[in-house]
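Visitor: sharing a model prediction with you, sequence too.
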Amino acid sequence: NNDRPFSSKALRECYRQGAEAFGWDRRNPEPRSMRDAGDLVGWGMATGVWDALQWTITVRVVLSANGHAEVACATSDIGTGTYTIMAQVAADMLGLPLENISIKLGDSSLPYSPVEGGSWIAASVSNGIATTAEAIRDELLRLAKQMPNSPLANMAPDEVALADGKLMSKGDASRSVSITDAMRHGAVDRIEQEKTTNPTDDPTRAHNTHAAVFAEVKVDEQLGVIRVTRVVSAVAAGRILNTKTASSQILGSVVWGIGMALHEETLIDHRLGRIINANIADYHVPVNADVHDIKVIFVDEPDDTINPLGIKGLGEIGIVGVAAAIANAVYHATGKRVRDLPITLDKLRL
């Protein structure tokens, strides 16, 4: 059914913010109409769409009476900041300082996780932490209710929250019991919970991330050399857990997109069925000199239906549309429409 509504979709706002940051309104749409000294200047844009997926995951949390928590899951961190966001989410869900959180991951002996890929780990593991943190809260509330004259005696689990090292009423913050007091009174040194989170399958809605990518190229009219001089990527991906690590992911994706558009090409010997440039000397990738100004914008996009924390995931949306935006910019600069990547000198024939 292609008529399903999106759980959230801020693509139009991506267009607006990206175009404003790039200066798109100053574009002359006529090919070969914009120049900078001896270079032809081209501005192009493209849209990115990716699935916002999430999978079943299991998270274990061990809370000690001294207010320290260990969060364990077999997921991995491939450089995308999984350690960081797991610690942040756990600190927020358990009401503890960030420095009181320890993360264990990357070992198959730990609670089950899907592979890190598909842009689904942040959403999956974060909501997994939230599920297990709720079980920790419930156990703490049970202990707190056993205390003499407990201010939480008549509270239901959904009426209390963990914050500032305490279990407190959502409606009246003065009604609270510290985590340490509850555990000591119950003669409990540690609380351990391990819970599996199964994401809600909602077939009535489409779950996607979106992006608008704007690119500027400068093409040497004599030599045909192409430089990507500016890129603006505006991304709508639900709740962004950590702006710094998220920005780094999109920056890396844009660089990868530059490589896809202009540099990277796998050459195959069809007689032997082998890749003949399977080395860094012959397989060209962008280097520092190829990467210029990149601006990342995250568009605010609340999503209260995709999962409890409103997380969509980021990984792959950053590259979708980058090569297309560059190809469109090359067309605008030169009047040559190249649809076979990478775009090399021989394909331009200026």
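Guide: It's in. Residues are numbered from 1 along each chain as shown.
Visitor: most centrally placed residue in the chain?
Guide: Central residue of the chain (Cα atoms, centre = their mean): L314, 2.4 Å from the mean position.
Visitor: close enough to count as contact, that residue and V235?
Guide: Yes - contact status for L314 versus V235: in contact at 7.3 Å, counting by Cβ atoms under 8 Å. All C-beta spots, glycine's among them, are computed from the backbone N, C-alpha and C.
Visitor: find residues that contact each of those two.
Guide: Overlap of the contact sets of L314 and V235 (by Cβ atoms under 8 Å, 6 or more residues apart in numbering) consists of 209, 250.
Visitor: who touches I101 in this structure?
Guide: Going by Cβ under 8 Å, 6+ apart, I101 touches 68-71, 87, 90-91, 94.
Visitor: which among those end up buried?
Guide: With neighbours counted by 16 or more other Cβ atoms under 10 Å, the contacts of I101 contain buried members at 69-71, 87, 90-91, 94.
Visitor: out of those residues, who's nearest G318?
Guide: For the buried ones among the contacts of I101, the residue nearest G318 by Cβ to Cβ is A87; the value is 22.8 Å.
Visitor: that closest one sits in which helix or strand?
Guide: Using DSSP states H and E, A87 falls within helix 82-94.
Visitor: tell me the helices and strands packed up against that helix.
Guide: If you count contacts as 3 or more Cβ pairs under 8 Å, 6 or more residues apart in numbering; DSSP states H and E, helix 82-94 packs onto strand 57-64, strand 69-72, strand 101-104, helix 121-145.
Visitor: count of residues packed around the residue nearest to Y15 when sequence neighbours are not counted?
Guide: Nearest in space to Y15, with sequence neighbours left out and distances taken as Cβ to Cβ, 6 or more residues apart in numbering, is A212 at 4.8 Å. For A212, the count of nearby residues is 28 (other Cβ atoms under 10 Å).
Visitor: pLDDT value on A212, please?
Guide: Here, the pLDDT recorded for A212 equals 98.
Visitor: kindly report the same for the one 3 residues further on.
Guide: A215 carries a pLDDT score of 98 in this model.
Visitor: so it, which of the three states?
Guide: Look at A215: counting by DSSP: H, G, I helix; E, B strand; the rest coil, its state is strand.
Visitor: what stretches of the stretch 201-350 of the chain score poorly on pLDDT?
Guide: Residues of the stretch 201-350 of the chain meeting the criterion pLDDT under 70: none.
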